[in-house]
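K.L.:
Just to be clear, the model below is a prediction. Sequence and coordinates:
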Amino acid sequence: MSDVEVVTSREVPLGGARAMTVRRTLPQRIRSMVGAWCFVDHFGPDDLARTGGMDVPPHPHTGLQTVSWLFDGEIEHRDSSGVQALVRPGELNLLTGGYGVAHSEVSTATAPALHGVQLWVALPDHARHVPRGFVHHVPSPVRPATATVRVLVGALAGDSSPVATHTPLLGAEVVLHPRAELILDVQPEFEHGVLVDTGPVLLDGVQLARAELGYLPPGANRLRLANPGDRPARVMLLGGPPFTEPVLMWWNFVGRSHDEIAAFRDEWESGSERFGRVEGYRGPVQRLPAPPLPSVRLKPRLTPPGAGDRSAWG
């Protein structure tokens, strides 16, 4: 019997002046995290001529890092550290919103479609109040006989990323050749998630469709991927040791208690310097307002039930 657990995605409208639908795989009731990876959005290919693309006004983050990774298209990133950067295919952009950060994301007209993923990493207690920061890295492709691998963070297939993380992590793009199999050595203390972008793909013999995530618990030192199709198949491989600290996710904040989240919300609404200001954003709404808090107290959980639904994203 296989240990693979299949997590399906759900469609969620992305907030902002131009609505775009994304497929959200984490968090879910069945599975909320893979290591410190606490949020997985998969989007596109989105026809910009038809939908208008992405326009997410300045919005806040605390207690997390965002990882943006594109397969097609281009996004302009601006943040309250004064960084203006373009997110392009095959280039890692990692934003740290520990103590507090604000940023905006707008697709450009450079390419006709937008296609990629955005991922969140929950910061552990010892690092969740670190200053805001931004890292850009272009991983070199590694080409075993049956695939192409790009390592965003961590180490895989004989390659390692220079990008520092606050917990042990693995993040990689794997493109499998048609009718090919790839066996990867992995850390047995890690749990792993395989998100299918184009497929289907077999994970240890279990078939995963597009936008599904296959979860493997710790214990295995090898992971087997196979592409049964006649075209290349692409997956995102995520991993890390199980995250044992309580995590409370609400809107764009990661915290530990209801009172902490409420304080973050109040500070954002009052224009606190905790988050700074994003300069140069040209959308009709200069900052995204926070939604009202729920009528019941938020409780930290290791498996938060769908708390990411109200996120503004990135």
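P.N.:
On my side now, so go ahead. Numbering: from 1, shown residues only.

K.L.:
Quick one: the helices in the stretch 1-150 of the chain, in order.
P.N.:
Here the stretch 1-150 of the chain has its helices, by DSSP state H, counting those that start in this stretch, at 48-51.

K.L.:
shaky segments in it?
P.N.:
Along the stretch 1-150 of the chain, segments meeting pLDDT under 70 span 1, 15-19.

K.L.:
can we see that at 50?
P.N.:
Within the stretch 1-150 of the chain, the segments meeting pLDDT under 50 span 17.

K.L.:
What ranges does it have for its strands?
P.N.:
For the stretch 1-150 of the chain, the strands defined by DSSP state E, counting those that start in this stretch cover 5-7, 10-14, 20-26, 37-47, 55-61, 64-72, 75-79, 84-87, 92-97, 101-107, 113-122, 133-137, 147-153.

K.L.:
how close does the closest residue to Val194 other than its chain neighbours get to Arg274?
P.N.:
In space, and not counting its chain neighbours, Val194 is closest to Gly214: 4.5 Å by Cβ to Cβ, 6 or more residues apart in numbering. In short, each C-beta sits where N, CA and C put it, glycine included. According to Cβ to Cβ, to the nearest Å, Gly214 and Arg274 sit 38 Å apart.

K.L.:
can you pull up the bridge partners for the residue nearest to Val194?
P.N.:
Beta bridges link Gly214 to Val6, Val194, judged by DSSP bridges.

K.L.:
How many neighbouring residues does it have?
P.N.:
Other residues near Gly214 come to 26 when the count uses other Cβ atoms under 10 Å.

K.L.:
What of Arg265?
P.N.:
As a burial measure, Arg265 scores 19 neighbours (other Cβ under 10 Å).

K.L.:
a strand runs through it, doesn't it?
P.N.:
No: counting by DSSP: H, G, I helix; E, B strand; the rest coil, one finds Arg265 to be helix, located in no strand.

K.L.:
Double-check it against His258; I have them as touching.
P.N.:
No: look at Arg265 against His258 with Cβ atoms under 8 Å: they stay out of range, at 10.6 Å.

K.L.:
Give me the nearest residue to the spatially most central residue of the chain, chain neighbours excluded.
P.N.:
Closest residue to the average C-alpha location of the chain: Leu119 at 0.5 Å, with Cα atoms, centre = their mean. Once flanking residues are discounted, Leu119 sits nearest to Val67: 4.3 Å by Cβ to Cβ, 6+ apart.

K.L.:
Help me confirm that the one you found comes into contact with Trp120.
P.N.:
Yes: the pair Val67 / Trp120 is scored as a contact, 7.5 Å apart, by Cβ under 8 Å.

K.L.:
tell me the secondary structure for Ala262?
P.N.:
What three-state DSSP gives for Ala262 is helix.

K.L.:
and it, what does it touch?
P.N.:
Ala262 sits next to Leu293 when contact means Cβ atoms under 8 Å, 6 or more residues apart in numbering.

K.L.:
sorry, back to before: contacting residues around the residue nearest to Val194?
P.N.:
Contacts of Gly214 (Cβ under 8 Å, 6+ apart): Val4, Glu5, Val6, Val7, Gly193, Val194, Val196, Leu203, Asp204, Val206, Leu208.
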